[in-house]
Each structure stands twice: as C-alpha cells, then as structure tokens.
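# From the sequence below, what's the structure:
(one chain, ligands or ions: 1)
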Amino acid sequence: MSANTTAAVQTTCPECEGAIVPQRSPLNGEILQCDQCGVELEVTCTDPLCVELAPEVEEDWGE
Ligand SMILES: [Zn+2]
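All right, here's what the predicted structure looks like:
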C-alpha cells in the first residue's frame, strides 16, 4: 500500500494547464485562483476536484 494517503487534492488549470493545488479542501462553488496565470476558477465538483473558468466580474462597485 502506498504510504502517501494524504495526497493533496489537485487539478489542472483549464487556462494554462498549470497545477491547481488548493491549500485546503475546496468547497463546491468556491473560487480558486491559478498560481500560474492568475485566472479565477470555480470549483464545480470536489471528488474528483474539477474547476471551470469563473465568469469574470467586471462590475464596478464604486471604488
Ligand atoms: Zn492557469
């Protein structure tokens, strides 16, 4: 048996194919950010982890 039973959940960025390795267990619908290209990714399922590009929010909230 493998001793590595604590393998991090991870998936691949659909934008740049970089590895997405969440710091903790992601939740469905959570937004993660790609470390490689900075794109925002929405978690669409968690087991196995899969993500989609999050819709870009360009709204100006009056900053
Ligand atoms: Zn990326």
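
# Quick check: buried residues in the strand or helix carrying residue 52?
Per DSSP states H and E, residue 52 falls inside strand 49-53. For strand 49-53, burial by neighbour count (16 or more other Cβ atoms under 10 Å) applies to 49, 51. In this view, the C-beta of every residue, glycine as well, is placed from N, C-alpha and C.

# Tell me the residues of the protein that contact the ion?
13, 15-16, 18, 34, 36-37 (Cβ under 5 Å from the ion).

# what about 8 Å?
13-18, 20, 34-39, 41 (Cβ under 8 Å from the ion).

# Can you tell me which of those residues is nearest residue 28?
Using Cβ to Cβ, residue 41 comes nearest to residue 28 of these, at 12.7 Å.

# which ones are touching the spatially closest residue to that closest one that is not a sequence neighbour?
Nearest residue to residue 41 in three dimensions, chain neighbours excluded: residue 51, at 4.0 Å (Cβ to Cβ, 6 or more residues apart in numbering). Residue 51 sits next to 11, 13-14, 20, 32, 41-44 when contact means Cβ atoms under 8 Å, 6 or more residues apart in numbering.
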